[in-house]
Each structure stands twice: as structure tokens, then as C-alpha cells.
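>>> Mind looking at a prediction? Sequence and model below.
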Amino acid sequence: MSTVIEVSDLTKAYRTTTALDDVSLTIEEGTITGLLGRNGAGKTTLMSILTAQNFPTRGTVRVFGADPCENSRVLSRMCFIRENQRYPDDATARHAISTARLFFPRWDEELAADLVDEFRLPLKTAIKKLSRGQQSAIGVIIGLASRAEVTFFDEPYLGFDAVARQLFYDRLIADYAEVPRTIVLSSHLIAEVADLLENVIVLDQGRIIMDEPTETARARAFTIVGPAEAADFLTVGREVIHRETLGRVASVTVLGTLSPEDREFIVREGLDLTPVSLQQLIVRRTAGEDAVQPPLDQEIRSRLP
């Protein structure tokens with residue numbers, strides 16, 4: 001598997017804001033990578049620079065081994081679907097899709113037509129008169145039908161209901177299996193997209209705080225619920241990313257792995273061990289030190305003695 005995207009020491013600074021701060025990463029060919037993080041973390045800025053729609057303050061970017069800036073041979077192999085794509089006032093969905101096919105050498109017209117039907121997209125209505133979900137459908141259709149070697153989806157489903165989002169996920173996986181390519185998906189709906197992702201890159205305040213395979217990320221943390229003294233014993237030498245208490249009972253989320261001795265201790269002390277979902281892990285890692293700790297939630301309460 002070869003590297004298709006390589007970023008080294010990338011910084012993007014504005015007058016009063018540093019959107020990206022010394023970012024370095026690689027993305028392998030033929031993978032689905034989640035680009036995750038809170039609003040303003042730098043996700044859209046990073047994708048804009050990778051597709052030459054923005055420019056770095058310093059650092060280097062290579063896509064297919066070359067700088068994408070003013071490089072038609074690189075740019076023709078990429079597709080960037082933005083959450084706020086703009087179109088001319090009189091443009092219709094038919095115009096947008098017909099124009100898109102001119103830019104992508106691997107465009108699949110049959111797939112585009114199928115997606116138009118499945119998303120029930122009215123082709124003759126001006127885009128500015130379409131609902132937010134219908135406007136998002138245009139981007140999703142173009143992104144999938146382009147079959148570009150590298151495709152960036154930046155929150156592509158805004159306005160979609162649950163049915164439309166699931167249709168997007170199903171179509172994405174099916175078409176990725178049929179025509180493998182590199183996909184970078186930026187999303188706030190971490191729980192929904194977690195099973196799609198092979199790798200996760202998490203940005204927080206312009207810096208990368210996680211860059212690893214999804215399964216590795218899932219195995220990095222665990223939650224212990226039970227008597228506070230016993231639960232806290234397992235935090236020694238480990239990073240605690242979240243702690244909640246109710247009387248003498250604590251729920252502690254910890255980064256690290258458990259030894260056989262740790263597991264014996266958990267059984268002996270009657271502690272409850274639960275895995276941490278990708279969403280929980282990312283929320284805990286990006287919540288900030290000053291985040292207010294809520295009381296134990298209903299799920300945890302239900303497991304208490």
C-alpha cells in the first residue's frame with residue numbers, strides 16, 4: 001500500500017488565529033479515513049489546502065507525490081465536496097451534475113443517475129430553491145459518481161434525515177468495495193460513521209491528537225465503574241480522560257491497556273469494565289480540561305449496585 005497524501009510541518013495562520021499548527025500526517029492509498037474534531041478544529045482548512053483551494057503559511061503538502069497547487073495532473077484526480085458549496089443563482093441540479101462530469105475522468109454516469117433516483121433529487125429546480133438536504137444530495141452524488149482517486153467529503157450530509165444518511169453510508173461502502181479509492185470523510189456524527197472508517201485523524205485546536213487505525217483507537221481506552229477507591233487504583237500510571245462520581249461510586253475512563261493482574265483485580269473488587277466507543281473517546285479527548293463534568297448518566301446508574 002502506497003502513500004497518496006503526505007503533509008509535513010503544515011501551519012496555516014491568519015491574523016488572529018492559527019487554524020493548523022505544525023500538522024504532519026500521511027494517508028495511504030485505498031483507505032477510508034475519518035477526519036474528526038470539533039467545529040473550528042482545522043478540518044476544512046486542511047482539506048482546502050490539500051485540494052489547492054487554500055495555501056499554507058508554511059510546511060509542505062504532497063498528493064500523488066507532487067504539490068497540488070496549480071497542478072492539473074493532481075487536481076483532476078481529486079474531488080472535494082464541501083458543506084457550503086456555492087452555485088450560480090440560476091443553476092439547477094441537472095446543471096451541477098452535467099458540469100461535474102466534465103471534470104472527472106472516471107465519472108460514472110449510470111451511478112449518478114441511480115443516485116439521483118435514490119435521493120429523489122429534482123433536477124429541474126433551481127438549487128437555491130432546494131432544501132438543505134437536497135442541496136447536500138447534489139454533493140454526495142457528485143462525490144460518489146466522480147470516482148475520483150481521492151475524494152474528500154466535508155460534512156456531506158447536512159440536512160439529510162436518518163434514511164438519507166444511511167443511504168449515503170451504504171452507497172459509499174458499496175461503491176468503495178467495487179471501485180477502491182482513497183476517501184477522507186469529515187463528520188460530526190462519529191457514532192454513525194465509526195464502522196466505515198479504517199483510520200482516524202483527530203484535530204483539536206489545529207493540532208493532531210490522534211492518528212491511527214480505528215481498531216487501535218478503540219482499544220486505547222476503557223471505563224471502570226464501581227467503588228471509587230478500587231476504580232482509582234487502576235488509574236495509577238495511566239492517563240484519566242474522564243471521571244464522574246455519585247456518592248462513593250466512580251466511573252473512570254482511562255487510556256491504556258489492562259494486564260491479566262488488572263483483570264483479576266476488577267473481578268475480585270466487583271468492578272464493571274466496559275469498552276469505550278470511538279465517539280466517547282474523541283469527545284473525552286477534545287472536551288478540554290475546563291469541561292463541566294455531568295452527573296452519572298442513566299446507563300451508568302443502571303449498572304450500580
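Perfect, thanks for sending it.
>>> buried residues in stretch 11-30?
Residues 12, 19-20, 23, 25, 27 are the ones in stretch 11-30 that count as buried (16 or more other Cβ atoms under 10 Å). C-beta: built from backbone N, CA, C; applies to glycine.
>>> no, scratch that, I was asking about stretch 70-90
Using 16+ other Cβ under 10 Å as the test for burial, stretch 70-90 gives 74-75, 77-83, 85, 87.
>>> Nearest to Gly143, out of these: which one, please.
Gly143 lies nearest to Ile81 out of the buried residues of stretch 70-90, by Cβ to Cβ, at 4.1 Å.
>>> Domains in this protein, by residue range?
3-214, 219-302 (automatic domain parsing).
>>> Which parts of the stretch 201-305 of the chain are helices?
214-218, 228-233, 260-269, 278-286, 298-302 (DSSP state H, counting those that start in this stretch).
>>> which residues of this protein score low on pLDDT?
Residues of the chain meeting the criterion pLDDT under 70: 288-305.
>>> Can you show me the CA trace of the longest helix along it as PDB?
Taking DSSP state H as the criterion, the chain has its longest helix at helix 162-178. Taking C-alpha atoms only, helix 162-178 is exported to PDB below (Å, rounded to 0.1, in the frame of the first residue of the first chain):
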ATOM      1  CA  ALA A 162     -31.700   9.400   9.100                       C
ATOM      2  CA  VAL A 163     -32.800   7.500   6.000                       C
ATOM      3  CA  ALA A 164     -30.800   9.600   3.600                       C
ATOM      4  CA  ARG A 165     -27.700   9.400   5.800                       C
ATOM      5  CA  GLN A 166     -27.900   5.600   5.800                       C
ATOM      6  CA  LEU A 167     -28.400   5.600   2.100                       C
ATOM      7  CA  PHE A 168     -25.200   7.600   1.700                       C
ATOM      8  CA  TYR A 169     -23.200   5.300   4.100                       C
ATOM      9  CA  ASP A 170     -24.500   2.200   2.300                       C
ATOM     10  CA  ARG A 171     -23.700   3.600  -1.200                       C
ATOM     11  CA  LEU A 172     -20.300   4.800  -0.100                       C
ATOM     12  CA  ILE A 173     -19.200   1.400   1.200                       C
ATOM     13  CA  ALA A 174     -20.700  -0.500  -1.800                       C
ATOM     14  CA  ASP A 175     -19.000   1.700  -4.300                       C
ATOM     15  CA  TYR A 176     -15.800   1.800  -2.400                       C
ATOM     16  CA  ALA A 177     -15.800  -2.000  -2.500                       C
ATOM     17  CA  GLU A 178     -16.500  -2.000  -6.200                       C
END
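>>> mind listing what Ile49 touches?
Taking Cβ atoms under 8 Å, 6 or more residues apart in numbering as the contact definition, Ile49 lies against 10, 12, 20, 55-56, 61.
>>> In this structure Leu167 contacts Arg120, no?
No. Counting by Cβ atoms under 8 Å, Leu167 sits too far from Arg120 to count as a contact (10.2 Å).
>>> sorry, back to before: nearest to Ala230 among the contacts of Ile49?
The closest of the contacts of Ile49 to Ala230 turns out to be Leu20 (Cβ to Cβ; 42.5 Å).
>>> Chain neighbours aside, what residue packs nearest to the closest one?
Lys12 (4.2 Å; Cβ to Cβ, 6 or more residues apart in numbering).
>>> Wasn't the one you found part of a strand?
Yes. Counting by DSSP: H, G, I helix; E, B strand; the rest coil, Lys12 is located in a strand.
>>> Check the contact between it and Thr44; I expect there is one.
No. In this structure, Lys12 is not within contact of Thr44 by Cβ under 8 Å, at 10.9 Å.
>>> looking at the helices of the stretch 201-305 of the chain, which is closest to Ala191?
Proximity to Ala191 (Cβ to Cβ) singles out helix 278-286 among the helices of the stretch 201-305 of the chain, at 4.5 Å.
>>> now for that closest one, which elements pack on it?
Contact partners of helix 278-286 among helices and strands, from 3 or more Cβ pairs under 8 Å, 6 or more residues apart in numbering; DSSP states H and E: helix 190-193, strand 199-204, strand 207-213, helix 214-218, strand 221-227, strand 239-246.
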